[in-house]
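# got a predicted structure here, sequence first:
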Amino acid sequence: MEPLFGLPPILWNMFTTFIVFVYIMSIIKFMDFLVTKGFPQDVSRKIVHVAAGSWVIFWPLFCAKDLSYVLNIAVAVLWTILFIVKGLTASSEDYAVKTMTRSGDPKELLRGPLFFTLVMEVLGVFFFMNYAAVVTMAILGWGDGLAPLIGKYYGRRKYKLLGREKTIEGSLGMFLFGFLGSLILVFVVQPIGMPQSIESLILSILIACLIGTIVEAISPADIDNILIPIATMIYLLFAL
């Protein structure tokens with residue numbers, strides 16, 4: 001987008017980065033508050049997961065006229081640093097530990113959450129405003145974020161692939177929420193490289209969600225935040 005108020009691109013992008021920072025920190029702080037009041041920690045963690053994956057909704061606000069567009073990953077870089085520091089030094093009472101880990105173990109921040117921010121950084125720098133990146137973040141944020149909750153609270157039919165126990169309901173949640181999130185984010189962001197017809201758009205998202213669901217089902221714990229985006233990006237970049 002063109003900077004408003006006659007601002008140079010770098011100043012406009014710094015302002016937009018501040019908006020992203022407020023968005024992310026507000027959600028994290030609010031979830032931390034709810035957890036202290038008894039809100040389920042696992043639900044809090046996944047809400048943050050979905051919100052982080054939806055950060056691409058701010059991409060259209062950044063001006064891509066110069067390299068300062070890479071400021072779109074500034075918040076992700078900050079959290080990469082914080083995850084490393086907190087994963088090595090924080091206590092189980094730290095707000096990041098309470099809102100973003102399953103077990104309350106600070107070292108968990110060095111796995112799934114850290115990998116998630118690294119994916120954000122790669123996509124934000126090399127695939128900014130790209131259709132494949134938007135769909136990938138939707139599948140990773142919405143699908144992979146909500147699948148464990150669906151499996152935990154509604155899962156009845158269990159199965160095992162490569163030693164990991166999953167539920168059919170959880171996998172269906174991964175597929176359906178990945179699809180829903182993709183549609184929402186794509187129509188909000190209007191990224192570059194979108195299929196021209198609605199049929200092609202829906203088909204490409206359905207296949208990407210199916211790939212993401214299969215990869216999530218067979219991935220080792222905490223590595224799915226890396227494997228899912230690799231698999232979906234390969235399909236979306238080279239198969240369309």
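Thanks, I have it. Residues are numbered from 1 along each chain as shown.

# how about the strands in the protein?
158-161, 164-167 (DSSP state E).

# distance check, residue 144 against residue 115.
11 Å (Cβ to Cβ, to the nearest Å). All C-beta atoms are positioned from the backbone trio N, CA, C, and that covers glycine.

# which one of these two has more residues nearby?
residue 144 (28 against 20; other Cβ atoms under 10 Å).

# isn't the more buried one right up against residue 226?
No: with contacts counted by Cβ atoms under 8 Å, residue 144 stays clear of residue 226, the gap being 11.2 Å.

# list the buried residues of stretch 200-220.
201, 204-205, 208-217, 219 (16 or more other Cβ atoms under 10 Å).

# what is the neighbour count of residue 226?
Residue 226: 18 neighbours (other Cβ under 10 Å).

# check contacts around the residue lying closest to it once chain neighbours are set aside.
Sequence neighbours aside, residue 115 is the residue nearest to residue 226 in space, at 5.0 Å (criterion: Cβ to Cβ, 6 or more residues apart in numbering). Residues near residue 115 by Cβ atoms under 8 Å, 6 or more residues apart in numbering: 222, 223, 225, 226.

# separation between the last one and residue 216?
When distance is defined by Cβ to Cβ, residue 226 is 12 Å away from residue 216.

# so how far is residue 67 from residue 112?
30 Å.

# between the two, which is the more surrounded one?
Shown here are residue 112 and residue 67; by other Cβ under 10 Å, residue 112 has more neighbours (21 against 11).

# ok, the closest residue in space to the more buried one that isn't next to it in sequence - how many residues close by?
Closest residue to residue 112 apart from its sequence neighbours, by Cβ to Cβ, 6+ apart: residue 222 at 4.3 Å. Neighbourhood size, residue 222 [other Cβ under 10 Å]: 16.

# phi first, then psi, for residue 222.
phi 70, psi -20 (degrees, to the nearest 10).

# residue 137 and residue 184 touch, don't they?
No: if you go by Cβ under 8 Å, residue 137 and residue 184 don't touch, sitting 11.5 Å apart.

# so residue 23 touches residue 52, yeah?
No: using Cβ under 8 Å, residue 23 is not in contact with residue 52; the gap is 9.7 Å.

# and the spatially most central residue of the chain, what does it touch?
The centroid of the chain falls nearest to residue 53 when counting by Cα atoms, centre = their mean (2.5 Å). The contact partners of residue 53, by Cβ under 8 Å, 6+ apart, come to 116, 137, 138, 140, 141, 142, 145, 181.
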